[in-house]
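**Student:** Sequence below, structure please.
(one chain, ligands or ions: 2)
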Amino acid sequence: TRSTRPQRLLRAVQKKAIKGDPQSVISTIDYFCRHSEWAMNVGDEKGVILDSVVCEVSPSTALELGTYCGYSTVRIARLLPPGTKLITLEFNPDYAAVARQIIEYSGLQDKICLVEGASGDLIPKMQELFGIKTFDFVFLDHWKDRYLPDIKLLEECQLLRKGSILLADNVICPGTPDYLEYVRNSPRYESKYFKSHLEYTKVEDGLEKSVFLG
Ligand SMILES: Nc1ncnc2c1ncn2CCCCCNC(=O)c1cc(-c2ccc(F)cc2)cc(O)c1O
Ligand SMILES: [Mg+2]
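**Tutor:** Numbering: from 1, shown residues only. Ligands and ions are numbered 1, 2, ... in the order given. Predicted coordinates:
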C-alpha cells in the first residue's frame with residue numbers, strides 16, 4: 001500500500017538530515033513541506049515565535065498536546081535545559097510511531113516522553129504517571145475543539161500554577177473561537193495574540209500566548 005505523508009516526511013529526514021542534529025531535522029522537515037508536500041507542522045515562521053516563548057519561559061516542566069510527526073516536539077526540546085522533561089501526547093498511533101523515530105533521529109529522546117492517548121484521558125493522569133505537580137509551559141496543537149475543554153481540565157486537575165504559560169497554535173486557521181473567547185475574557189488569564197501565517201502558506205494564522213493568573 002502507498003506510504004503515508006508522515007512516513008514520506010520521516011524518509012526525507014532519514015535521507016537528508018544529520019543524525020543527532022535537531023536543527024537539521026527541523027530544516028529538512030520545513031524544506032520537505034515547502035517543496036514536496038505540505039504537512040501540518042507549526043512550521044518555520046510560527047516556529048520562531050514558539051522558540052522565543054520557550055526561551056523566555058525556560059520551563060522545567062512542559063506539555064505538548066498533539067505531537068503529529070514531532071516537529072514542534074523537537075523544536076521545543078532542543079531549547080530545554082538538561083534535566084527538564086517535555087511530555088507530548090499523541091492520539092494517532094501511526095503519527096506516534098513516526099514521531100518516535102524523528103525524535104530519536106534528532107537525539108533528543110532523553111528530554112521527551114511521548115504518550116499515546118487522548119488528552120482528555122491522559123491529563124488527569126499526569127500526576128500519577130509522571131509525578132508532575134504543575135506545568136510551566138503548555139503547547140496546544142491538537143484537535144481545535146479540544147483546546148478549551150483541555151485547559152479547563154488542566155485547571156481542575158490543578159496542573160497550572162500562577163504564571164503558567166499556554167501557547168496555542170492555529171487560533172485563526174483552522175481556528176479555535178471558543179478557546180480564544182475564553183482566554184481573552186476570563187479574569188484568570190492574560191492573553192496576547194502573535195500574528196503570523198499558516199505553516200508554509202500566505203494564509204493568516206497566529207499563536208495565542210496566555211498566562212494563567214491563578
Ligand atoms: N492526545 C490527543 N488528544 C486529542 N486529540 C489529539 C491528540 N493528539 C492528536 N490529536 C488529534 C489532532 C489532530 C491534528 C490536529 N492539528 C490540526 O488539525 C491542524 C490542522 C491544520 C490545517 C490548516 C489548514 C488546512 F486547510 C488543513 C489543516 C493546521 C495545523 O497547524 C494543525 O495543527
Ligand atoms: Mg498546528
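**Student:** drop to CA atoms for contacts and neighbour counts, all remaining ones
**Tutor:** Fine.
**Student:** quick one, strands of the protein?
**Tutor:** 61-65, 85-90, 112-116, 135-140, 160-168, 189-197, 204-212 (DSSP state E).
**Student:** Check which helices and strands the fifth one sits against.
**Tutor:** With contacts defined as 3 or more CA pairs under 8 Å, 6 or more residues apart in numbering; DSSP states H and E, the packing partners of strand 160-168 are strand 135-140, strand 204-212.
**Student:** residues in contact with it?
**Tutor:** 50, 57, 134-141, 154, 207-214 (CA atoms under 8 Å, 6 or more residues apart in numbering).
**Student:** hmm, 7 Å instead?
**Tutor:** Residues from elsewhere that reach strand 160-168, judged by CA atoms under 7 Å, 6 or more residues apart in numbering: 134-141, 154, 207-214.
**Student:** That one near ligand 1 at all?
**Tutor:** No: figure legend: strand 160-168 not in contact with ligand 1 (CA under 6 Å from any ligand atom); closest approach 9.5 Å.
**Student:** Give me the average confidence score over that strand.
**Tutor:** The average pLDDT for strand 160-168 rounds to 99.
**Student:** Pull up the residues of this protein that are close to ligand 1.
**Tutor:** 40-42, 65-66, 89-91, 117-119, 141-143, 170, 173-174.
**Student:** Filter the residues you listed down to the buried ones and hand me the ChimeraX line.
**Tutor:** Only the buried entries of these go into this ChimeraX selection, using 16 or more other CA atoms under 10 Å:
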select :41,42,65,66,89,90,91,117,118,119,141,142,170
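**Student:** filter the residues of the chain next to ligand 1 by proximity to ligand 2?
**Tutor:** D141 (CA under 5 Å from the ion).
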